[in-house]
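Colleague: Below: sequence and its predicted model.
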Amino acid sequence: MATTKLGFIVQRPGYKSENPKLALTHAIASQSVEIYLDDDDEVTCDVAFVGEGVLNCIKDQKALDNYQFNSTESHVKMGLLCDLNIFICREDLEKYGMSESDIVLNAEEMGGDMDVKVVPYEEITKMMEEMKHLLFF
Amino acid sequence: MGKLTIGCFASLVGSTNLDFAVKLAGAALDKGHKVDLWVSGNGTMLSLQEQRAFKDYSYLEKPVKELMEKGLNVTACEACAEARGYHDSNTLEGVKRFSMDWYLGSTFDADRVLHIGGE
Amino acid sequence: MKLAVFVSDYRMTVDTLERLKPEKMGIILVQNGVYHASVKENGNASSILDSSADLYALKEDLETRGIDPANVDSKVKVVTFGDVVDLMFNDYEKTAWL
């Protein structure tokens, strides 16, 4: 059995660009990657929001109402439902005057039991060290 | 020799990120490496056939065809392509279309991954 | 971690580069990133050149922008696409495209 760990680093806000959403949809695709792998092999994805990327995590996004497409918030929740580790940089939240009360924390209403991990940047650095490959968005 | 997986999310026209990806893929193939190129988002424009070669725009159909003959494996994100009106019927011969898990599958045994996102 | 960072912009819109602290870092200047190798803004060279990382600039992208590879800062090594492939496979384990 072998595991390849991928680290998705989201550095930019979404909507003007689709890249943050694509980071999440690609990471969520780890749920079905086994069709390309041998039995027991796997690819796992951790996602970290850093810098302006933390703005993707503001809660109560109304993209579906206003533009008729899924919000980045809903993709974060879907990632949690898929048991992805989702890290949000604490220093960057504070830089933008936000706290945990301002962001999506879990997907409880969808039956999820994972929470986002609001962590110091140092923890995100450790995550990046542990990954085999990094993908910056 | 190793395996390089390149992901590129930038469009064929309007950016030179795809040009970079294709040139890097060519250099890696020349050195005997195996290369997978995944195009997603606006990058799926690379998968379109009958690109016209104007001197004011990037044109990659010919170099990509030549590199595919040398073994370059090009796959486009099917959902990203369909969302843009790019269908099987107008996909460049030899370019495959799969869902996003293909990219992750390619990274599994890749020695190096270069993800060109951020447009 | 041995990290090769591709810097593709002159005006960076993210602060990721200065926050990365790998054990070994190479900065490969490509596309508009190659301006860091030669342009002096108000007489000052790019702060990227003060980095302790190994610095490289892609010959093709320098030439494309009218920059003579012979005139880049002495800290920067001019490389080809083939050299970039070798750097990725031989000198670094992971990559970041900024």
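Modeller: Arrived safely.
Colleague: Please determine how far residue A:63 is located from residue A:70.
Modeller: 7 Å (CB to CB, to the nearest Å). For the C-beta atoms, the positions are set from N, CA and C on the backbone; glycine is no exception.
Colleague: and the residue sitting nearest the centre point of chain A, what is it in contact with?
Modeller: Geometric centre of chain A, nearest residue: residue A:47, 4.0 Å, by CA atoms, centre = their mean. By CB atoms under 8 Å, 6 or more residues apart in numbering or on different chains, the residues touching residue A:47 are A:8, A:10, A:23-24, A:27, A:79, A:84-87.
Colleague: from these, which ones fall inside strands?
Modeller: Among these, the members falling in strands are A:8, A:10, A:85-87 (criterion: DSSP state E).
Colleague: Leaving out the residues flanking it, which one is nearest to the residue nearest to the centre of chain A?
Modeller: Nearest non-adjacent residue to residue A:47, counting by CB to CB, 6 or more residues apart in numbering or on different chains: residue A:8, 4.5 Å away.
Colleague: wait, the one you found sits on residue A:45?
Modeller: Yes - applying CB atoms under 8 Å as the test, residue A:8 and residue A:45 come out as touching, 5.9 Å apart.
Colleague: who touches residue B:19 in this structure?
Modeller: B:58, B:60.
Colleague: Ok, residue C:46 next?
Modeller: C:35-37, C:39.
Colleague: Which two among these are spaced furthest apart?
Modeller: C:37 and C:39 (8.0 Å; CB to CB).
Colleague: what about the two, which has more around it?
Modeller: A count of neighbours by other CB atoms under 10 Å in any protein chain shown puts residue C:37 above the other of residue C:37 and residue C:39, at 28 against 14.
Colleague: how much space between that one and chain B?
Modeller: 16 Å (CB to the nearest CB, to the nearest Å).
Colleague: where does that residue land on pLDDT?
Modeller: On pLDDT, residue C:37 comes in at 98.
Colleague: wait, isn't it in contact with residue C:62?
Modeller: Yes - Residue C:37 lies in contact with residue C:62 (CB under 8 Å); the separation is 6.9 Å.
Colleague: Spell out which residues are contacts of both of those two.
Modeller: Common neighbours of residue C:37 and residue C:62, counting by CB under 8 Å, 6+ apart, are residue C:72.
Colleague: Could you report the separation of residue A:6 from residue A:134?
Modeller: From residue A:6 over to residue A:134 (counting by CB to CB), the distance is 8 Å.
Colleague: tell me, what's touching the two both at once?
Modeller: In contact with both residue A:6 and residue A:134: residue B:113, using CB under 8 Å, 6+ apart.
Colleague: who touches residue 53 in this structure?
Modeller: Picked chain A for this. A:9-13, A:20, A:92, A:137.
Colleague: Chain C is the one I meant
Modeller: Residue C:53 neighbours (CB under 8 Å, 6+ apart): C:5, C:25-27.
Colleague: got JSON lines for those, with pLDDT too?
Modeller: JSON lines is the format used below for these (pLDDT from 0 to 100):
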{"residue": "C:5", "pLDDT": "98"}
{"residue": "C:25", "pLDDT": "98"}
{"residue": "C:26", "pLDDT": "98"}
{"residue": "C:27", "pLDDT": "98"}
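Colleague: related to what we said a few turns ago, anything in contact with each of residue A:8 and residue A:45?
Modeller: A:26-27.
Colleague: ranges for the strands of chain A?
Modeller: Using DSSP E, strands in chain A cover A:3-10, A:42-49, A:85-89, A:117-119, A:133-136.
Colleague: I'd like those laid out as JSON lines, including mean pLDDT.
Modeller: As requested, the strands of chain A are arranged in JSON lines below (pLDDT from 0 to 100):
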{"stretch": "strand A:3-10", "mean pLDDT": "98"}
{"stretch": "strand A:42-49", "mean pLDDT": "98"}
{"stretch": "strand A:85-89", "mean pLDDT": "98"}
{"stretch": "strand A:117-119", "mean pLDDT": "98"}
{"stretch": "strand A:133-136", "mean pLDDT": "98"}
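Colleague: For those strands, give me a markdown table that also has distance to residue C:9.
Modeller: Output for those, formatted as a markdown table (distance: least, CB to CB, whole Å):
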| stretch | distance to residue C:9 |
| --- | --- |
| strand A:3-10 | 16 |
| strand A:42-49 | 20 |
| strand A:85-89 | 21 |
| strand A:117-119 | 28 |
| strand A:133-136 | 12 |
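Colleague: and the residue of chain C nearest chain B?
Modeller: residue C:81 (3.7 Å; CB to the nearest CB).
Colleague: Show the pLDDT at the nearest residue to that residue once chain neighbours are set aside.
Modeller: Excluding its sequence neighbours, the residue lying closest to residue C:81 (CB to CB, 6+ apart) is residue B:27, at 3.7 Å. Turning to residue B:27, the model gives it a pLDDT of 98.
Colleague: you'd agree residue B:27 is up against residue C:86?
Modeller: No - in this structure residue B:27 lies outside contact range of residue C:86 using CB under 8 Å: 9.2 Å.
Colleague: Near chain A, which residues of chain C are found?
Modeller: C:1, C:3, C:13-16, C:19, C:21, C:94-98 (CB under 8 Å from any CB of the partner chain).
Colleague: Understood, closing this out.
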